[in-house]
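# have a look at this fold, sequence not included:
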């Protein structure tokens, strides 16, 4: 036979991907289920599109190259059309909203959860497949939709185990920034194409405020900035006064929403668009207050600048405010776990008609990491009760025991490996994080009893050398076979 | 602006794929959750691998072609290696079992649920992405593992809503068939390569028994068979006596498991392999009986021939026994919803070492269709309570109402479309399958009340012309704003 000559395939997870085992799967699932419950209660309907979209619908095809650009995994189908794995859940929503526009309710509230794929260089903690968890409302320009998304985001964080006080949902508005730019003289409402380059620099500059700090951003608003490597980034060319107006926006947050609104009104001056944005923020705050979502949960904060370049109206971000230790052991705030805002042009790509939309995306992996940091993970990590096999010929007896346990809702399994070495069976139970091992040799069988071994207690005893504090609790117990379920249940409850 | 000239992308689901809306998503999820609960109770651990595998690991690359063969969606990564979407959940399991063999418990019980992709010609009800729901035990040759899978499959069917008596799990064994082939003279234990072609024809022939009937299979076992189009399929060339032995196997089922075992013992005669297979079936029946899984749920049935060519030992199939009407209005049994068996060579591809494994795959879409046919679908299909907007300026009041309802766990939304036309709001509520509409105009607001409209009752009244039977139940109700939650809850409970 030539089998020996065949090169064996490598058993490897593809580069940039990963495998999720046991509680890694169920913990994420429990979190997503809880969030889905909130989305559902808010009237959002589930939508599950397939992983595959036409590259045309995704809009990631560059006309001047033969292959779709970097960023997506793509291939040609049998008709030579380019297909790709979705890179987010918003692009498929835009396709669905256009395709089924005559059948869907309008406004259409939908949520979606599932993996997305990015053909990017993988890095530590950065994978080519990861989960997203989105909720969007399509087809309404009302800022009540934005307010609702903020309230829902707040509820979602609390339902998965982030207590009130440990998070804040911050709300800002792109239109206010545009109004500020008008005042600063880099936006001319009568000719929106003027100063486009300058505004682009302003947007990118304030987006970097966390990294560059005030001085760095001011440099970029003015002549430009030389970084540590000596590279020079050209600035927007704003005067000191103009830059002051923009920086005033970023730091416009005051103690109360009303004061912040008042400060923003000063900043946008006579700008019509700016006033519209300030009014929207004020309305959002009023609507949230009416629903009981006060400043302990949701605040107006013009300092939220992430995504201002992408979104067209209200922008929101959820930050966790408790401290964790970073990789260098320094304390820092956990930071952002969700973000979103209003975007009005995605459906228009397909239909030509503007369809206003707003939505939020929760960072599934970051939120799960936060829950781990807080010890608030919901999934059950207990292994199964393991029924050991002392006598291979009495497998039917052992199968009957697990059947009884499972019938009673207790997670249980019989050892299915080679039963010869009993030590291996206990090692197996240990690897399975089993709380209880059930043992019945021929002697016990003859007497109609089983032995229960409390493995959690055993591990504790092994940990602290002294048996003293456990002496009242037996690590091993003999019970009648008929009492198996009851005795295991009692041991599990301890 | 050149926008008008740009060709708009088509808003289309890619060919062979589909979108799932609302309850289509949540019903499937509820079913999979219930099954996962059973798998978990049996000690199976969740595993989620990524959608992408190397083509090498999937083993679908033909060495003589430049592109991976039909069947998978594949592309080259940045290192020119072929990558592909998984076409099932077993191939990734084999890769994982090989890759993590030193870390995983042995035996390793795992379940997996998720989409798989097939690059095949789509047809009615046949899609290029669909769900699978598998459980497998890797690393044990014990038929206790096979028995356990059968018991678990039985529990899984019952937990999703298929009552006992409406299904049967049938068990067969490839080794028995091999023993029968030995007796029939088409398998020579001392030279397994002899008669390979004949055995292939026998396997394919009995696999077609549902379609071709006894006579068709007998023709294929003998000289061959001419189909209706006139095409001739060469047969295995068995004599009448030899064919009789094979057909005896297919029809060996007797009233009790013990009788079936006795009949199979006759058929396999002196074949060592055949006797081994019969013993395995007998052991499986004994183990299942001990666990309380009798012939009302699981039976030995040598008539189960599907997959006998693929599997190496026990084979199982779950059939639903109730009747449904087929597309032509004829009564027929619902048929198979799950299948599996023992396969021992999948991990060996990677490591060179044989690793015995057994598992089952539930046909998610077929089982869901069965639950629909039985009216046993678990998901909540009720739409949200819709709070209508009579007065755009009082949006804060309406938001407070939905907040109250949601806080009380009631699914609710405020109408976010243009509120001008009240008829549109009621049409929207209808499209949303809303059970209750909440209405508060300025008059009601001044009096501190709201009006509740029972939309389910309204629909019923519209259905039967006579109001008579509903006359004691008001379709519309005025309640104090403070009693909103309580009154809605009462209306929903009716």
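The structure has been received and is ready for your questions. Values in this document were obtained by computation on a predicted structure and should not be read as measured data.

# surely residue A:172 is within a helix?
No. The assignment for residue A:172, made by DSSP: H, G, I helix; E, B strand; the rest coil, is strand rather than a helix.

# shouldn't it be in contact with residue A:298?
No. Assessed by C-beta atoms under 8 Å, residue A:172 is found out of contact with residue A:298, at 11.9 Å. Yep, even glycine has a C-beta here, placed from its N, CA and C like the rest.

# quick one: which of those two has more around it?
Of the pair residue A:172 and residue A:298, residue A:172 is the one with more neighbours under other C-beta atoms under 10 Å in any protein chain shown, namely 29 against 26.

# just give the nearest non-adjacent residue to the more buried one, would you?
residue A:304 (4.3 Å; C-beta to C-beta, 6 or more residues apart in numbering or on different chains).

# residue A:416: what secondary structure?
On the basis of three-state DSSP, residue A:416 is classed as coil.

# follow-up on the earlier one: assign a three-state SS to the residue nearest to residue A:172, would you?
Going by three-state DSSP: residue A:304 is coil.

# do the helix or strand bottoming out on mean pLDDT in chain A and chain B meet at all?
When each helix and strand of chain A is scored by mean pLDDT, DSSP states H and E, helix A:455-463 comes last, with a mean of 79. No. Applying C-beta under 8 Å from any C-beta of the partner chain, one finds helix A:455-463 separated from chain B by no less than 14.1 Å.

# show me what counts as buried in that helix.
A:455-458, A:461 (16 or more other C-beta atoms under 10 Å in any protein chain shown).

# and stretch A:305-314, by the same measure?
For stretch A:305-314, by 16+ other C-beta under 10 Å, it's A:305-309, A:311-314.

# could you work out the end-to-end span of stretch A:18-25 for me?
Start-to-end span of stretch A:18-25 (C-alpha to C-alpha, to the nearest Å) is 12 Å.

# just give me how far that stretch sits from the chain centre.
Counting by C-alpha atoms, centre = their mean, to the nearest Å, stretch A:18-25 is centred 16 Å from the centre of its parent chain.

# gap between the closest residue in space to residue A:262 that isn't next to it in sequence and residue A:174?
Distances taken as C-beta to C-beta, 6+ apart place residue A:254 nearest to residue A:262, at 7.6 Å, with adjacent residues excluded. For residue A:254, the distance to residue A:174 (C-beta to C-beta, to the nearest Å) stands at 20 Å.

# these two: which has the busier surroundings?
residue A:174 (24 against 16).

# what's the pLDDT at that one?
Note on residue A:174: pLDDT of 93.

# same thing with residue A:129?
96.

# excluding its backbone neighbours, what's nearest it?
Going by C-beta to C-beta, 6+ apart, residue A:129 has residue B:50 as its nearest residue, at 4.6 Å.

# do the same with residue A:187
residue A:181 (4.1 Å).

# return the distance of residue A:385 relative to residue A:445.
Remark: distance between residue A:385 and residue A:445 (C-beta to C-beta) = 18 Å.

# neighbour-wise, which of these two wins?
Shown here are residue A:385 and residue A:445; by other C-beta under 10 Å, residue A:385 has more neighbours (29 against 15).
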